[in-house]
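Participant: Task: produce atomic coordinates for the following.
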Amino acid sequence: MKWPRKVILVRHGESEFNRVKEQQRKDPEYQRFVKLFEQEFNLDKFQRHWPYVKASKELRGLAVKMYRKYFLPYSNRLTPLTDTGWLQAERLGRTLKILPDARLPDVILVSPYLRTKQTLEGMTRGWPELAGIKQETEPLIREIDIGLAGLYNNWRVMETFHPEQRYIYLRDGKYDYCYPQGENVLGVEGRMRLLSGKLIREFSEREVLLVSHHITITAFISTQERWESQDFTRKDDENPIKNCSYTIFVGDPEQGESGEGKLMLQTLNALPCS
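Facilitator: Numbers count the residues shown, from 1 in each chain. Sure, this is the predicted structure:
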């Protein structure tokens, strides 16, 4: 079989950015900002009044206030885990160690971002034997590049000051929208196809553990399951990949064409034992 025997994909634990998103969700003032944003920036308004659509003074003021209130001094690459994220990672390591068919992976591929490297470190506390496994930093499994949006720590804040980006997103949708100076889901799926080639060339019949990110893991699933763009959007909305969840593909030599086998989805977005 040309495919790995097993591929385990792990999303990083809670990051400082994830913590801030949860705080925003509970903040009445932030919710007021969201409501006003949605009132002012809707597809019908853009289609009827573009290029004259811009944010009101009130919306711009709230956007600045939210930016300052929830400012994070980190780049996307250097955003660290929270204390909760470290605990999640250790718990995940313990969980993977005791799965019914558990065995040590032959290789660990980790995204170059700080939060994924810290997640692997935390997992090793729960599964110490991982420390003896070969590890590779793999740029292909980094998170989607959010480009200019990274300067604002929040896509709504960015789009308040760049209304054309909101129009493009509403017109094109989650799958096709490309962050300015960044990439779109299609670009991430392209990286996942390159990753599949590497898995075949270098890790046939082996077990591989990947420590990666939300959109990247979803894109890997999408390429293996051959989703259409609307499938990606719907499934990501319905069941987004959670912090420190694990997804497992198992190589099946009886599937695929010409006896080459295929990766079959066994476990999706499962959380570690408490």
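
Participant: Report pLDDT for Lys262.
Facilitator: pLDDT recorded at Lys262 is 95.

Participant: If it is in a bridge, with which residues?
Facilitator: Lys262 forms beta bridges with Asp252, as assigned by DSSP bridges.

Participant: my guess is it meets Val250, correct?
Facilitator: No: Lys262 lies out of contact with Val250 (Cβ atoms under 8 Å); the separation is 9.8 Å. The C-beta positions use only the backbone N, C-alpha and C, and glycine is treated the same way.

Participant: So which elements touch whichever strand or helix holds Gly122?
Facilitator: Assigned by DSSP states H and E, Gly122 belongs to helix 114-126. Secondary-structure packing of helix 114-126 (3 or more Cβ pairs under 8 Å, 6 or more residues apart in numbering; DSSP states H and E): helix 83-97, strand 107-110, strand 207-212.

Participant: Could you tell me the average pLDDT over the shortest one, please?
Facilitator: Throughout strand 107-110, pLDDT has a mean value of 99.

Participant: Next, count neighbours for the residue nearest to Val107 when sequence neighbours are not counted.
Facilitator: Nearest residue to Val107, sequence neighbours excluded (Cβ to Cβ, 6 or more residues apart in numbering): Lys134, at 5.0 Å. For Lys134, the neighbour count with other Cβ atoms under 10 Å is 9.

Participant: How about Glu183?
Facilitator: 16.

Participant: I'd guessed it sits against Glu143; true?
Facilitator: No: applying Cβ under 8 Å as the test, Glu183 and Glu143 come out as separate, 10.1 Å apart.

Participant: that older thread, quick one: closest of the helices and strands packed on helix 114-126 to Leu194.
Facilitator: Among these, strand 107-110 comes nearest to Leu194, with 12.6 Å by Cβ to Cβ.

Participant: strands paired with the closest one, and their directions?
Facilitator: strand 134-137 (parallel), strand 207-212 (parallel).

Participant: Quick one: residues in contact with that strand.
Facilitator: Contacts to strand 107-110, defined as Cβ atoms under 8 Å, 6 or more residues apart in numbering, come from residues 116-117, 120, 130, 133-138, 141, 203, 206, 208-212.

Participant: Mind naming the longest helix for this structure?
Facilitator: Counting by DSSP state H, the longest helix found in the chain is helix 185-203.

Participant: Next, the angle from that helix to strand 207-212.
Facilitator: Counting by axes from the mean of the first three to the mean of the last three Cα atoms, to 10 degrees, helix 185-203 points 150 degrees away from the direction of strand 207-212.

Participant: nearest residue to Pro105 other than its sequence neighbours?
Facilitator: Leaving out its chain neighbours, the residue that sits closest to Pro105 by Cβ to Cβ, 6+ apart is Leu209, at 4.0 Å.

Participant: All the helices of this structure, in order from the start?
Facilitator: Using DSSP H, the helices of the chain run over 16-25, 28-40, 43-49, 57-69, 83-97, 114-126, 155-161, 163-172, 185-203, 214-225, 229-238.

Participant: average pLDDT across the helix holding Gly122?
Facilitator: Here helix 114-126 scores 99 as its mean pLDDT.

Participant: same check, this time on stretch 196-214
Facilitator: 98.

Participant: Which positions within it qualify as buried?
Facilitator: Going by neighbour count (16 or more other Cβ atoms under 10 Å), the buried part of stretch 196-214 is Ser196, Leu199, Phe203, Arg206, Glu207, Val208, Leu209, Leu210, Val211, Ser212, His213, His214.

Participant: Farthest pair within those?
Facilitator: Maximum distance among the buried residues of stretch 196-214 (Cβ to Cβ): 25.5 Å, for Arg206 and His214.

Participant: before we move on, back to that, now the helices of the chain in JSON lines, with distance to Gly256?
Facilitator: JSON lines is the format used below for the helices of the chain (distance: least, Cβ to Cβ, whole Å):
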{"stretch": "helix 16-25", "distance to Gly256": "36"}
{"stretch": "helix 28-40", "distance to Gly256": "45"}
{"stretch": "helix 43-49", "distance to Gly256": "41"}
{"stretch": "helix 57-69", "distance to Gly256": "49"}
{"stretch": "helix 83-97", "distance to Gly256": "26"}
{"stretch": "helix 114-126", "distance to Gly256": "30"}
{"stretch": "helix 155-161", "distance to Gly256": "38"}
{"stretch": "helix 163-172", "distance to Gly256": "33"}
{"stretch": "helix 185-203", "distance to Gly256": "11"}
{"stretch": "helix 214-225", "distance to Gly256": "11"}
{"stretch": "helix 229-238", "distance to Gly256": "20"}
